[in-house]
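J.: Let me see the structure of the following:
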Amino acid sequence: MTETVLLSRLQFGFVISFHILFPAFTIGLASWLAFLEAWWLRTRAAVLRDLYFFWMKIFAVSFGVGVVTGIVMSFQFGANWAGFSAAAGNVVGPLLDYEVLTAFFMEATFFGVMLFGWQRVSHRAHFFATCMVALGTLFSTFWIISANSWMQTPAGYALHDGVFYPTDWWAVVFNPSFFYRLPHMVLAAFLTTAFVIGGVSACYLARGQFADKARVCLKCALIFVAIVAPLQIIVGDLSGQEVREHQPAKLAAIEARWNTEANVPLTLFAIPDEQAERNDSALDVPHLGSLILTHSWSGEVQGLKDFAPQDRPPVVIPFYAFRIMVGLGLLMLFVAWIGLWKLWRGNAFSSRWYLRAWMAMTPSGFVALVLGWWVTEVGRQPWVVYGVLRTADAVSPNITSGSVLTSVITYIVTYVLLFGFATWYLVKMLRAGPVDAPPRRGVQTAARPLSLGDEDGAGVLRDAK
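T.: Numbers count the residues shown, from 1 in each chain. Next up is the predicted model:
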């Protein structure tokens, strides 16, 4: 692999790893806001109104950072990946355009109403705006996952002189892996948001702050995770079956399987040696690999040695990233189900160790999400369009490694500064907490929707009541 290809992959991987954190959070947070406002419209409870205003501010900052980091990604298609743009632009370009037309415009339009219209539109109009923002985030996910899934399992195209031409848009959009990867991504985003909401609320309870509001959020979060985490496990299993059928080399890398064989064990831990084509210090559970991967006690799993060395993906990153991701998923399920039991006993909000567990799990969704993308993208190598277009052929032909290295350093510095400032401001908002929000009607106070309010939760926002 040339330095240019390696640096271009590093740059894109770095940018997408930062970017995905914010859209995933806003996908879940937008639906959470719609839920809170619907609940408020039904009950008119002040605590729900306060929570809506609080999380709306968090959403606004996260949405803005997500937009900025997303725009940067499109520049790389022309700068670093001109070969990919020339070959697959006829297919991927329209899908990304549809995302802008159906999702981004909707989000941007109704986001203004949601953020500034609390005092200016009717109850139902504001709720409709919130729902449209939430729907827009899901539309965005739909098109992005469709484009990425097409790169994983291309369909509905004809290849002429190295250029992809769409022949069946239905097959392009709804390609073989799309139906599994879309719900997997949406559920991952929801779980990520739920653990942030629950972890922040647990922190408030541990500190004795905003107790009533924190109980509402933590209760909703743990019930939601208890229901959705098992669904994610089922969807993940179905996604694994699809990978086995359409990307067997990726599955072999994820499981570090070198030989095609039946009665496959589940390798809980190993040190894969790609040069020697073996696993050292392996901890295996007999037959469990076949049972999970093929749903058969003695099912056969294809090994990496069935593929030419130049067609094999790297093993180490998918192998370890997948296991950490699964381990975090099981921890999520354990924390939530323990929470149900503690809710039944009546001590979920007073147990210090349980609150600390939620606080520790706050970033777990983000970590699992990034690891999942690493598994998906690294496991697809050495192809950018699986089985058809190699990554080495997708890089811009005239770009130099020096220019890519310069852009990598620039991106790292810029993103560290941007991410650092965004994180600092979000933490400052979280410390201020869900202070009293302005009433639905009355004084026009929407001019500063992102103001933190007084640190003690008093001041203008309280006076507006």
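
J.: now that we're looking at W81, which residues does it contact?
T.: When contacts are counted by Cβ atoms under 8 Å, 6 or more residues apart in numbering, W81 touches S8, F12, V384, A394, V395, S396. Where you see a C-beta, it was placed from the backbone N, CA and C, and this is true even at glycine.

J.: mind running it again at 7 Å?
T.: W81 sits next to S8, A394, V395, S396 when contact means Cβ atoms under 7 Å, 6 or more residues apart in numbering.

J.: Just the closest of those residues to V173, please.
T.: A394 (21.5 Å; Cβ to Cβ).

J.: and the gap between that closest one and I145?
T.: 20 Å (Cβ to Cβ, to the nearest Å).

J.: G299 touches G289, doesn't it?
T.: No: taking contacts as Cβ atoms under 7 Å, G299 lies outside contact range of G289: 8.7 Å.

J.: quick one: low-confidence parts of the chain?
T.: Residue ranges of the chain with pLDDT under 70: 1, 439-465.

J.: go with 80
T.: 1-2, 68-79, 436-465 (pLDDT under 80).

J.: any idea how far M325 is from E99?
T.: Taken as Cβ to Cβ, the span from M325 to E99 is 26 Å.

J.: what do you get for S8?
T.: 23 Å.

J.: Of the two, give the one with the bigger neighbour count.
T.: S8 (25 against 21; other Cβ atoms under 10 Å).

J.: Check which helix or strand the more buried one maps to.
T.: Taking DSSP states H and E as the criterion, S8 maps to helix 3-19.

J.: helices or strands next to that helix in the packing?
T.: helix 46-79, helix 364-380, helix 391-394, helix 401-432 (3 or more Cβ pairs under 7 Å, 6 or more residues apart in numbering; DSSP states H and E).

J.: hmm, 6 Å instead?
T.: For helix 3-19, the elements it packs on are helix 46-79, helix 401-432, judged by 3 or more Cβ pairs under 6 Å, 6 or more residues apart in numbering; DSSP states H and E.

J.: Tell me which of those helices sits most buried.
T.: Of all those, helix 46-79 has the most neighbours on average by mean count of other Cβ atoms under 10 Å, namely a mean of 19.

J.: Tell me the first helix or strand C-terminal of it.
T.: Heading C-terminal from helix 46-79 (DSSP H and E), you reach helix 82-99.

J.: ok, residues contacting stretch 43-51?
T.: L36, W39, W40, D212, K213, P434, D436, A437 (Cβ atoms under 6 Å, 6 or more residues apart in numbering).

J.: Wait, the first one touches Y52, no?
T.: Yes: the pair L36 / Y52 is scored as a contact, 4.5 Å apart, by Cβ atoms under 6 Å.

J.: Skip the chain neighbours and tell me the closest residue to A147.
T.: Excluding its sequence neighbours, the residue lying closest to A147 (Cβ to Cβ, 6 or more residues apart in numbering) is L95, at 4.1 Å.

J.: Which residues are in contact with the one you found?
T.: Contacts of L95 were listed using Cβ under 6 Å, 6+ apart, and they are W143, S146, A147.

J.: 8 Å instead?
T.: W143, S146, A147, W150, V172, V173.

J.: how far away is the fifth one from Q152?
T.: Meaning V172. 13 Å.

J.: can you map out the strands along the protein?
T.: Remark: strands assigned in the chain by DSSP state E are 157-160, 163-166, 266-273, 278-285, 383-385, 389-390.

J.: Off-centre distance for the shortest one?
T.: Put simply, strand 389-390 sits 26 Å off its chain's centre (Cα atoms, centre = their mean, to the nearest Å).

J.: so what strands line up beside it?
T.: If you go by DSSP bridges, strand 389-390 pairs up with strand 383-385 (antiparallel).

J.: Centre of the chain to the strand it pairs with, how far?
T.: That offset, for strand 383-385, works out to 21 Å (Cα atoms, centre = their mean).

J.: Same check on stretch 67-83?
T.: The answer for stretch 67-83 is 19 Å, by Cα atoms, centre = their mean.

J.: could you dump it to CSV, C-alpha only?
T.: The C-alpha trace of stretch 67-83 is given here as CSV (Å, rounded to 0.1, in the frame of the first residue of the first chain):
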residue,chain,number,x,y,z
VAL,A,67,-23.1,20.1,10.0
VAL,A,68,-19.6,21.6,9.9
THR,A,69,-17.8,18.3,10.1
GLY,A,70,-20.1,16.8,7.5
ILE,A,71,-19.5,19.4,5.0
VAL,A,72,-15.7,18.8,5.3
MET,A,73,-16.2,15.2,4.3
SER,A,74,-17.6,16.0,0.9
PHE,A,75,-14.4,18.0,0.0
GLN,A,76,-12.4,14.8,0.3
PHE,A,77,-14.2,13.1,-2.6
GLY,A,78,-12.7,15.7,-5.0
ALA,A,79,-9.4,16.2,-3.3
ASN,A,80,-8.3,12.7,-2.2
TRP,A,81,-10.8,10.3,-3.9
ALA,A,82,-11.2,11.6,-7.4
GLY,A,83,-10.9,8.1,-8.7
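
J.: Contacts for stretch 169-184 next, please.
T.: By Cβ under 8 Å, 6+ apart, stretch 169-184 touches 91, 95, 141-142, 145-146, 148-150, 152-157, 166, 232, 235-236, 238-239, 242-243, 245-246.
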